[in-house]
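> Dropping a prediction and its sequence here:
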Amino acid sequence: MTIKRQNILGMPLEDLVSFFNEIEEKDYRAKQLMQWIYSKHIYDFDLMTNFNLELRSHLNQNCSLDFDDAIRSELSEDGTQKWLIGKKDNQIIETVFIPEEKRGTLCISSQVGCLIDCPFCATGHQGFNRNLSSSEIIGQVLLAREELGEGRLTNIVFMGMGEPLANYPEVIKAIKILNDPHGCNISRRRITVSTSGLVPQLYKLSEEVGVSLAVSLHAANDVLRDELVPINRKHPIGELLDACWHYADFQNLRSVTFEYTMLKGVNDSAKDAKQLSKLLKNKPAKVNLIPFNPFPGVRFKPTDQNKINDFRNILLESGIMTTTRKTRGDDIQAACGQLSGQVMNLAKKTLRQKLKKTLH
Ligand code: SAH
Ligand code: SF4
């Protein structure tokens, strides 16, 4: 009979302290374990030389520090790198690294698929499979760190597959580890949670570590947003914005970023821009316009660049700081909203066969 070992990789410091106390070890063991993992890159209990033999043997028998390997890695012409990570239950998730001059951003997944079902998003089209555990979320960061080498990873964004606030407990554990000086030691403002607008969880999040917040707005009125971001039917724009202003105020955040994917003829008119300005004027808000990234089978089209510029200018005239996101990694289907696109198409069958081979 095989004994199921507990994966303790996803435990934040406070949980590790309780874990060690339960086996009659002192609190400081928790920090020691984190130092092995995050400073020394050691994942083998036998090599943790400041743990006595008895403790090492207990950990070996009952625990693991497992994270999944990439079954495929793809490098875009612009330097963006995407890893497809195979799970033991045959699921596949994606993690993307975006290098820039002064920073390196890792875009991580929080769920396999997504329940929110925004019609312009490839992850939504895939449907929902399951939540990722905090070990699986942290595992993506460790995999990228091992592949990229020390010092390249400066920022983390929860903008991969899934709605992070729909997997709240596991995402919070992961955020605590990312932010912990004994963990990944990434400052809270360099960690961004992007949400489609789960209002109760947003209020809860404002009580936590104070990460940067991005909100997927995509429409400036409820009729259109009900269609583009279906969670709006439950939590309409007014309610969502109140939660955002509360978050900014409570966490002393200079601004909340509002993501707005530009969909041709749908949400990109001058009237839309004026409506959006009215909502955000004189508020702690900035806007990030995202060029739509198409994928097979989707009914939307990207807005032309000159119309994106016109839209941006209307917002700027109202004093709203507005940027246009540069599309990165689209040649390897790693751009926003394209995650799962390729897995859904040609590569899916071969990848699953490969995954089966590595697991059995
Ligand atoms: N579920 C979260 C985070 C993941 S999506 C959220 O919705 O915020 C990250 C961003 O990419 C979101 O703003 C999302 O709306 C946007 N996006 C999704 N599909 C897109 C597509 N096909 N083209 C451009 N942006 C897209
Ligand atoms: Fe889910 Fe975000 Fe995609 Fe909407 S945009 S379906 S919330 S991953």
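Received, thanks. Ligands and ions are numbered 1, 2, ... in the order given.

> Enumerate every residue touching the nearest residue to residue 30 once chain neighbours are set aside.
Distance criterion Cβ to Cβ, 6 or more residues apart in numbering; nearest residue to residue 30, sequence neighbours excluded, is residue 16 at 3.6 Å. (Glycine included, C-beta is placed from N, CA and C.) Shown in contact with residue 16 (Cβ atoms under 8 Å, 6 or more residues apart in numbering): 8, 29-30, 33-34.

> Now residue 16: which helix or strand?
helix 13-22 (DSSP states H and E).

> Give me the buried positions along that helix.
Judged by neighbour count (16 or more other Cβ atoms under 10 Å), helix 13-22 contains these buried residues: 13, 15-17, 19-20.

> Can you tell me which of the contacts of residue 16 lies closest to ligand 2?
residue 8 (28.6 Å; Cβ to the nearest ligand atom).

> Return the set of residues that bridge with the nearest residue to the closest one once chain neighbours are set aside.
The shortest distance from residue 8 to any non-neighbouring residue, by Cβ to Cβ, 6+ apart, is to residue 63 (5.0 Å). Beta-bridge pairing for residue 63 (DSSP bridges): residue 6.

> Tell me the first helix or strand C-terminal of the helix or strand where residue 243 lies.
Following DSSP H and E, one finds residue 243 within helix 237-250. Sequence-wise, the next helix or strand downstream of helix 237-250 (DSSP H and E) is strand 256-262.

> In contact with the residue nearest to the spatial centre of the chain, which residues are there?
Nearest to the mean C-alpha position of the chain, by Cα atoms, centre = their mean, lies residue 158 at 1.6 Å. Residue 158 is in contact with 108, 110, 164, 171, 191-194, counting by Cβ under 8 Å, 6+ apart.

> Look up how far residue 74 lies from it.
Noted for residue 158: a distance of 21 Å to residue 74, by Cβ to Cβ, to the nearest Å.

> show me where this structure has strands.
Using DSSP state E, the strands of the chain run over residues 6-7, 63-64, 70-75, 81-86, 92-99, 104-107, 111-113, 128-131, 155-158, 191-195, 212-216, 256-262, 285-291, 321-324.

> nearest to residue 176, of these?
Of all the strands of the chain, strand 191-195 sits nearest to residue 176, with 10.3 Å by Cβ to Cβ.

> pLDDT of that closest one, averaged?
The average of the pLDDT scores along strand 191-195 is 98.

> wait, does that strand contact ligand 1?
Yes. Against ligand 1, strand 191-195 shows contacts by Cβ under 6 Å from any ligand atom at 194-195.

> Quick one: low-confidence residue ranges for the protein.
Counting by pLDDT under 70, the chain contains low-confidence ranges at 1-3, 335-360.

> Quick check: residues of it near ligand 2?
So far as Cβ under 6 Å from any ligand atom goes, the chain lies against ligand 2 at 114, 116-118, 121, 123-124, 162-163, 196, 216.

> Tabulate those residues in JSON lines, adding columns for distance to residue 132 and neighbour count.
Shown next, in JSON lines, are the residues of the chain next to ligand 2 (distance: Cβ to Cβ, whole Å; neighbours: other Cβ atoms under 10 Å):
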{"residue": "114", "distance to residue 132": "12", "neighbour count": "25"}
{"residue": "116", "distance to residue 132": "16", "neighbour count": "21"}
{"residue": "117", "distance to residue 132": "18", "neighbour count": "17"}
{"residue": "118", "distance to residue 132": "19", "neighbour count": "22"}
{"residue": "121", "distance to residue 132": "18", "neighbour count": "28"}
{"residue": "123", "distance to residue 132": "13", "neighbour count": "28"}
{"residue": "124", "distance to residue 132": "17", "neighbour count": "23"}
{"residue": "162", "distance to residue 132": "7", "neighbour count": "29"}
{"residue": "163", "distance to residue 132": "12", "neighbour count": "28"}
{"residue": "196", "distance to residue 132": "17", "neighbour count": "28"}
{"residue": "216", "distance to residue 132": "19", "neighbour count": "26"}
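
> tell me, which of the residues you listed make contact with ligand 1?
118, 121, 163, 196, 216.

> ok, residue 54 to residue 155 distance?
Distance from residue 54 to residue 155, by Cβ to Cβ: 41 Å.

> At the contact with ligand 1, which residues of this structure appear?
Going by Cβ under 6 Å from any ligand atom, the residues of the chain near ligand 1 are 118, 120-121, 159, 163, 194-196, 216, 259, 261, 290, 292-293, 336-337.

> ok, back up a step: of the buried residues of helix 13-22, closest to ligand 2?
When the buried residues of helix 13-22 are compared for distance to ligand 2 (Cβ to the nearest ligand atom), residue 15 wins out at 27.4 Å.

> Need the nearest residue in space to that closest one, chain neighbours excluded.
residue 173 (7.3 Å).

> rewinding a little: take the contacts of residue 16 and lay them out in CSV including neighbour count and distance to residue 137.
CSV is the format used below for those (neighbours: other Cβ atoms under 10 Å; distance: Cβ to Cβ, whole Å):
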residue, neighbour count, distance to residue 137
8, 20, 14
29, 20, 23
30, 23, 19
33, 27, 18
34, 20, 16
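
> Format the CA atom coordinates belonging to the helix holding residue 16 as CSV.
Extracted in CSV, the C-alpha atoms of helix 13-22 (Å, rounded to 0.1, in the frame of the first residue of the first chain):
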residue,chain,number,x,y,z
LEU,A,13,5.0,30.4,7.3
GLU,A,14,2.2,30.4,9.9
ASP,A,15,0.9,27.0,8.6
LEU,A,16,4.5,25.5,8.6
VAL,A,17,4.9,26.7,12.2
SER,A,18,1.7,24.8,13.2
PHE,A,19,2.9,21.8,11.2
PHE,A,20,6.2,21.6,13.0
ASN,A,21,4.6,22.3,16.4
GLU,A,22,2.3,19.3,15.8
